[in-house]
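> how would this look folded up:
(one chain, ligands or ions: 1)
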Amino acid sequence: MIQKLIEKIQKTKAPICVGLDPMLNYIPEHILKKSFGEFGETLEGAADAIWNFNKEIVDHTWDLIPSVKPQIAMYEQFGIEGLKVYDKTVKYCQEKGLVVIGDAKRGDIGSTSAAYATAHLGKVKVGNSICSAFNTDFLTVNPYLGTDGVKPFVDVCNAEDKGIFVLVKTSNPSSGEFQDRLIDGKPLYEHVAAKVVEWGEASMDGAYSNVGAVVGATYPEMSAILRKLMPKTYFLVPGYGAQGGTAKDLKNCFNEDGLGAVVNSSRGIIAAYRQEKYAKFGAEHFAEASRQAVIDMVADINSVL
Ligand SMILES: O=C(O)c1cc(=O)[nH]c(=O)n1[C@@H]1O[C@H](COP(=O)(O)O)[C@@H](O)[C@H]1O
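Okay, the predicted model is just below:
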């Protein structure tokens, strides 16, 4: 699956993914009004608004980008109705040819991880039938429980040609609280990186592994170290834009071949119309603002590669 993502990145010349993290307060009034008019101010109304918002953003950006990353929490907050829209969004993006990175940060004891892996990447047996549930192309995985918590995801990746991105060094302000702690003289994130390399060795797909790593854009010195420790690991890099990561900070995440990283921006793209820079589009044309924000992000990143 990483090969498919790389091919799409090379074709679009855009090493990015658009984070489909819809919050109701980013959704323009005209969309909310229509959905609430039809379904009331209910979970169903919220889910309908999210779907209409997502669809317009995807319709205005799909030809420029290789991938999207829907964050499941943004859907889950609206219960089953929200999850239905998560599923509908995943399928719609796949129909458009986009690689879909499900951001659910799952990980548990082995048997439970196996169920998560089945739900998000694999297939489930129901009687004599084989069904697939969320069926995303990649999933973000939390490695805190260790090898038996990650291996079920790797097994499904190998069986189904899917991929995962394992949290190694996250972008948030408190990420150092545990991740930077020195253990045997090395920060914890380096120990996790070594494990990601080991888990990924049996999942090579061309020059890179289907087992990738999440490395935040906000810690560029650490990205440089991690890039060297994990030469065949693709990085999912969040933190660009709304969290303060800049193109200059991203350079360290890429390899000499210009590959090795896919940079996410969520609020910076989907809520672009609320930024002064894109205000001229107005709320009615929010998706055109998102398209322009994609074009600008791609140019910005390519300027440092
Ligand atoms: O796994 C992730 O994608 C992730 C890891 C991380 O270290 N930091 C991080 O921000 N994320 C996710 O990336 C997205 C960032 O959103 P923006 O800050 O709006 O671009 C959110 O969906 C986060 O949950």
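> What's the first helix or strand after the helix or strand of the chain with the lowest mean pLDDT?
Here the helix or strand of the chain ranked lowest by mean pLDDT, DSSP states H and E is helix 247-250, holding a mean of 92. Counting by DSSP states H and E, the next helix or strand C-terminal to helix 247-250 is strand 261-265.
> count of neighbours near A217?
A217 has 26 neighbours, counted by other C-beta atoms under 10 Å. In this view, the C-beta of every residue, glycine as well, is placed from N, C-alpha and C.
> quick one: it is in a helix?
No - assigned with DSSP: H, G, I helix; E, B strand; the rest coil, A217 falls outside any helix and is coil.
> I'd like the distance between it and T170.
Distance, A217 to T170, using C-beta to C-beta, to the nearest Å: 11 Å.
> shared neighbours of those two, anything?
Shared contacts of A217 and T170 (C-beta atoms under 8 Å, 6 or more residues apart in numbering): P238.
> Tell me the residues of the stretch 1-150 of the chain that contact the ligand?
19, 21, 71, 103, 140 (C-beta under 6 Å from any ligand atom).
> Which residue would be the closest one in the stretch 51-200 of the chain to the ligand?
T170 (3.1 Å; C-beta to the nearest ligand atom).
> Just to check, C157 is in contact with V166?
No - distance between C157 and V166: 11.1 Å, which falls outside the contact criterion (C-beta atoms under 8 Å).
> State the pLDDT value of D257.
With respect to pLDDT, D257 scores 88.
> how about the nearest residue to it, chain neighbours excluded?
A207 (7.9 Å; C-beta to C-beta, 6 or more residues apart in numbering).
> again, but for M74
In space, M74 is closest to D21, 4.8 Å off (C-beta to C-beta, 6+ apart).
> Is that neighbour in contact with S266, as I believe?
Yes - under the criterion of C-beta under 8 Å, D21 makes contact with S266 at 4.0 Å.
> Same drill for those two, tell me which one is more crowded.
Ranked by neighbour count (other C-beta under 10 Å), D21 and S266 place S266 first, with 26 against 23.
> which stretch of helix or strand covers the closest residue to the more buried one other than its chain neighbours?
Spatial nearest neighbour of S266, excluding adjacent residues (C-beta to C-beta, 6+ apart): G19 at 2.7 Å. Per DSSP H and E, G19 falls inside strand 16-20.
> Tell me the strands beside that strand, with direction?
When pairing is defined by DSSP bridges, strand 16-20 lines up against strand 67-70 (parallel), strand 261-265 (parallel).
> what comes up buried for stretch 32-44?
In terms of neighbour count (16 or more other C-beta atoms under 10 Å), stretch 32-44 has its buried residues at 32, 35-36, 39, 44.
> Could you do stretch 265-274 as well?
Residues 265-273 are the ones in stretch 265-274 that count as buried (16+ other C-beta under 10 Å).
> ok, that stretch near the ligand or not?
Yes - for a cut-off given as C-beta under 6 Å from any ligand atom, stretch 265-274 has contacts with the ligand, namely 265-268.
> quick one: which of these is nearest to V126?
Set against V126, the nearest of the residues of stretch 265-274 next to the ligand by C-beta to C-beta is S266 (33.8 Å).
> immediately after the strand holding G19, which helix or strand?
Immediately after strand 16-20, counting by DSSP H and E, sits helix 29-39.
> residues in contact with the helix or strand that that next one is followed by?
For helix 29-39, the succeeding helix or strand toward the C-terminus, using DSSP H and E, is helix 43-61. With contact meaning C-beta under 8 Å, 6+ apart, helix 43-61 is reached by 18, 20, 22, 24, 26-28, 31-32, 34-36, 38-39, 68, 74-75, 78-82, 84-85, 88-89, 92-93, 96, 98, 269-270, 286-288, 290-291, 294.
> Surely F153 is in contact with F138?
No - using C-beta under 8 Å, F153 makes no contact with F138, being 10.2 Å away.
> Low-confidence bits of the stretch 151-300 of the chain, can you list those?
Residues of the stretch 151-300 of the chain meeting the criterion pLDDT under 70: none.
> Residues of it that sit close to the ligand?
Counting by C-beta under 6 Å from any ligand atom, the stretch 151-300 of the chain sits next to the ligand at 170-172, 214, 216, 238-239, 241-243, 264-268.
> from these, which ones fall inside helices?
The members of those that map onto helices under DSSP state H are 267-268.
> ok, of the residues of the stretch 151-300 of the chain next to the ligand, which come out buried?
For these, buried by 16+ other C-beta under 10 Å: 170-171, 214, 216, 238-239, 241-243, 264-268.
> in the stretch 101-250 of the chain, which spans are helices?
In the stretch 101-250 of the chain, the helices defined using DSSP state H, counting those that start in this stretch lie at 110-120, 147-160, 176-179, 188-201, 220-229, 247-250.
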